[in-house]
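Enquirer: quick check, what structure comes out for this input:
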Amino acid sequence: MERPRIVGILLMGILVWCCMATSANADTKMIYKDSNQPYNVRIKDLMGRMTLEEKIGQMIQIERNVSSPEVMRKYFIGSLLSGGGSEPTPQASPKDWIDMVNEFQKGSLSSRLGIPMIYGIDAVHGHNNVYKATIFPHNIGLGATRDPELVNRIGVVTALEVRATGIHYVFAPCIAVCRDPRWGRCYESYSEDPKIVQDMTEIIPGLQGQIPSSYPKGVPFVGGMESVAACAKHYIGDGGTTKGINENNTVIDNKGLLSIHMPGYVSSIRKGVATVMISYSSLNGVKMHANYEMVTNFLKKNLRFKGFVISDWEGIDRITSPPHANYTYSIEASVNAGLDMIMLPYNYTEFIDGLTYLVKNNFVPMSRIDDAVKRILLVKFTMGLFENPLADEKIVEQLGCEAHRELAREAVRKSLVLLKNGKSADAPLLPLPKKASNILVAGSHADNLGYQCGGWTIKWMGFSGNNLTTGTTILTAIKNTVEPTTKVVYNENPDAEFVKSGGFSYAIVVVGEHPYAETKGDNLNLTIPEPGPSTITNVCGTVKCVVVVVSGRPVVIQPYVASIEALVAAWLPGSEGQGVADVLFGDFGFTGKLSFTWFKTVDQLPMHVGDPHYDPLFPLGFGLTTQPAKAQ
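Expert: As a prediction, this is how the structure comes out:
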């Protein structure tokens with residue numbers, strides 16, 4: 001009788017052990033890590049394993065300088081970013097960037113579930129935060145090219161340079177429709193014309209990879225390790241605020257909103273854009289960061305956008321006035337409005353505590369948290385981050401390489417708009433002769449790489465001088481282009497006597513705005529700062545001159561036009577000033593067309609085609625052309 005009982009106990013023990021082993025095996029089989037499984041299966045499996053704390057962590061984006069591998073692991077942080085000018089070290093190399101990003105990523109991978117983080121940066125005209133990167137013309141110049149295929153190629157190159165530093169997410173493109181040049185972000189807009197902006201969303205398949213024709217509408221697409229996740233911004237109406245005041249109120253009816261500010265988003269979503277950033281501004285008095293109707297009902301439900309919605313920098317703080325006055329309310333209003341990832345970028349423990357409280361007390365439903373996290377995970381799976389979380393050094397040589405600089409130079413050539421050429425059509429000044437005894441180059445912007453790149457270059461507000469990145473100034477480009485026998489005299493701000501006594505064949509005057517970004521660029525008078533006007537007066541009153549205006553928007557130029565022989569809008573051309581000389585001296589012809597109306601006086605603003613008072617100095621679409629000198 002004893003033996004059967006012992007056998008039974010043994011059999012029962014074996015059965016229990018088998019069940020435990022099977023259960024343990026099921027637990028260790030992480031379906032979400034299986035790249036052969038569909039995304040929705042992987043997301044469902046991962047979501048089922050996540051705690052509230054881990055889900056909230058995924059919804060957070062913080063600045064790199066308040067983070068560490070331990071912070072990433074402990075708080076399950078979903079995303080990091082570099083703000084304007086935020087870099088691992090001054091003049092950091094691609095390897096410095098890769099090492100930094102990978103260290104943070106290793107912190108994320110060491111967390112309980114090992115969910116990789118996504119690293120974002122403002123690559124808005126090339127990889128503009130990074131030393132020695134190729135800096136392309138700002139969007140206002142690209143709009144003047146009318147060339148979506150060129151913009152697509154710029155997207156491909158920008159993605160390569162971003163990936164060369166180990167980063168996989170860019171806060172670009174800005175698809176704002178700037179309706180008033182007094183706005184400090186107008187240069188981030190391709191045009192005041194929504195059709196041009198819509199055409200230029202072709203940069204998205206450049207950044208993210210070409211979306212397959214059968215791909216489902218609204219689902220994010222990022223094609224491979226040489227592409228990056230893009231971000232259409234700033235949703236919506238950021239370029240339509242009253243008097244162009246940044247972060248202010250856009251007053252517009254539904255028809256105007258849909259016809260002017262919405263088309264770029266429709267196209268972006270159709271092209272698989274991974275993320276959408278919300279605007280600081282208000283729409284008819286409602287802060288966009290708290291606008292449920294436009295974020296959840298329209299963007300997510302009506303337009304069927306399946307990627308994630310991200311706030312702007314401290315955007316939820318600014319729901320209240322003053323900012324951060326009632327942070328718990330700001331968290332509740334923004335998350336319930338439909339924002340999925342919050343760019344804090346510093347106060348992450350306050351946000352975690354606040355959102356945890358709101359969820360546990362039913363002010364924010366769990367379904368809203370789950371929606372946000374599913375969207376974030378979908379983008380991460382689409383990007384291949386779970387399979388390839390760490391960056392390598394395979395393409396570091398892509399940063400600022402010669403082929404990319406040649407593309408930027410082409411973009412500069414095509415972006416220049418010729419506004420005047422000679423006292424009459426029969427006597428053009430351009431193209432300039434390369435061979436002359438003595439020529440004058442003047443102006444504050446002729447030999448200043450920082451000025452010609454503008455804001456959002458190395459630093460948030462840009463910089464002055466030639467020592468913070470690499471490129472070719474317009475002065476150097478002129479010297480590279482003229483005949484060796486031509487003497488080039490550079491005087492930044494010559495007086496009239498100097499010009500008279502110089503015996504110059506002609507002069508090139510390069511003046512314009514100083515770098516700025518966002519609110520600091522808001523400007524109600526739009527005059528060229530001194531000594532620009534004095535330089536124009538001193539030079540152009542004495543010798544034949546071409547004035548090249550380096551600016552982020554149309555500026556006051558009417559008082560000087562009569563004395564100027566030829567006038568060129570160069571916008572903010574970026575690092576490759578050689579493209580300016582290419583066209584001035586006739587190696588290529590002028591082809592650019594104004595993507596913005598050029599006003600006579602600021603009193604006319606805002607002013608657009610179709611307005612009864614439309615009386616511009618140069619209308620939208622204006623641009624004289626020239627033939628290459630060799631074809632003449």
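
Enquirer: helix/strand/coil for the residue nearest the centre of the chain?
Expert: Nearest to the mean C-alpha position of the chain, by CA atoms, centre = their mean, lies Val124 at 2.7 Å. Per DSSP: H, G, I helix; E, B strand; the rest coil, the local secondary structure of Val124 is coil.

Enquirer: equivalent analysis for Leu80, please.
Expert: At Leu80 the chain is in strand, as set by three-state DSSP.

Enquirer: so for it, what's the pLDDT?
Expert: Here the pLDDT value assigned to Leu80 is 98.

Enquirer: contacting residues for it?
Expert: Residues near Leu80 by CB atoms under 8 Å, 6 or more residues apart in numbering: 61-64, 67, 72, 104, 117-120. Using the backbone N, CA and C atoms, a C-beta is placed for each residue, glycine as well.

Enquirer: one more: Thr473?
Expert: Per CB under 8 Å, 6+ apart, neighbours of Thr473: 446-449, 452, 466, 577.

Enquirer: per-residue confidence at it?
Expert: As predicted, Thr473 sits at a pLDDT of 98.

Enquirer: against Ser575, how distant is it?
Expert: Note on Thr473: its distance to Ser575, by CB to CB, to the nearest Å, is 9 Å.

Enquirer: intersection of neighbour lists for those two?
Expert: By CB under 8 Å, 6+ apart, Thr473 and Ser575 have these common neighbours: 449, 452.

Enquirer: tell me which of the contacts of Thr473 is nearest to Ile204?
Expert: Gln452 (26.5 Å; CB to CB).

Enquirer: how far off centre is the strand or helix carrying that closest one?
Expert: In this assignment (DSSP states H and E), Gln452 forms part of helix 449-453. Distance of helix 449-453 from the chain centroid (CA atoms, centre = their mean, to the nearest Å) equals 17 Å.

Enquirer: do the same with stretch 110-129
Expert: On CA atoms, centre = their mean, the centre of stretch 110-129 falls 14 Å from the chain's centre.

Enquirer: show me what the strand or helix carrying Leu46 is packed up against.
Expert: Element membership for Leu46, per DSSP H and E: helix 39-49. Judged by 3 or more CB pairs under 8 Å, 6 or more residues apart in numbering; DSSP states H and E, the packing partners of helix 39-49 are helix 366-383.

Enquirer: just the mean pLDDT for the helix it packs on, thanks.
Expert: 98.

Enquirer: cool, and stretch 594-607?
Expert: 98.

Enquirer: report the distance from it to the chain centre.
Expert: The answer for stretch 594-607 is 25 Å, by CA atoms, centre = their mean.

Enquirer: before we move on, what about stretch 285-302?
Expert: The answer for stretch 285-302 is 22 Å, by CA atoms, centre = their mean.

Enquirer: give the buried residues for that stretch.
Expert: 287-291, 294-296, 298-300 (16 or more other CB atoms under 10 Å).

Enquirer: stretch 431-448 too?
Expert: For stretch 431-448, a neighbour-count test (16+ other CB under 10 Å) marks 431-432, 434, 436, 439-448 as buried.

Enquirer: alpha carbons of it, in CSV - could you do that?
Expert: What follows is stretch 431-448 as a C-alpha-only set of coordinates in CSV (Å, rounded to 0.1, in the frame of the first residue of the first chain):
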residue,chain,number,x,y,z
PRO,A,431,25.0,88.0,-64.8
LEU,A,432,28.1,89.9,-63.6
PRO,A,433,31.3,89.6,-65.6
LYS,A,434,33.9,87.4,-63.8
LYS,A,435,36.7,89.5,-65.3
ALA,A,436,37.0,93.0,-64.1
SER,A,437,39.8,95.2,-62.9
ASN,A,438,38.5,96.0,-59.4
ILE,A,439,35.2,95.0,-57.7
LEU,A,440,33.8,95.9,-54.3
VAL,A,441,32.1,93.5,-51.9
ALA,A,442,30.3,95.2,-48.9
GLY,A,443,27.8,94.6,-46.3
SER,A,444,27.4,92.9,-42.9
HIS,A,445,26.3,89.6,-44.4
ALA,A,446,29.0,89.1,-47.0
ASP,A,447,31.5,87.3,-44.8
ASN,A,448,29.3,85.9,-42.0
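
Enquirer: show me where the stretch 401-550 of the chain has helices.
Expert: When assigned using DSSP state H, counting those that start in this stretch, the helices of the stretch 401-550 of the chain occupy the ranges 402-415, 449-453, 474-481, 496-501, 532-540.

Enquirer: contact partners of the helix holding Gln452?
Expert: 125, 128, 135, 444-445, 457-458, 462-466, 468-469, 471, 473-474, 512, 514-515, 550, 570, 572-575, 577.

Enquirer: got the contact list for the residue lying closest to Gly218 once chain neighbours are set aside?
Expert: Of all residues not flanking Gly218 in the chain, Arg304 sits nearest, at 3.8 Å (CB to CB, 6 or more residues apart in numbering). The contact partners of Arg304, by CB under 8 Å, 6+ apart, come to 217-218, 269.

Enquirer: tell me the one among the residues you listed nearest to Lys255.
Expert: For these, the nearest to Lys255 is Ile269 (20.4 Å; CB to CB).

Enquirer: correct me, but the closest one touches Leu303?
Expert: Yes - Ile269 is within contact range of Leu303, at 5.4 Å (criterion: CB atoms under 8 Å).
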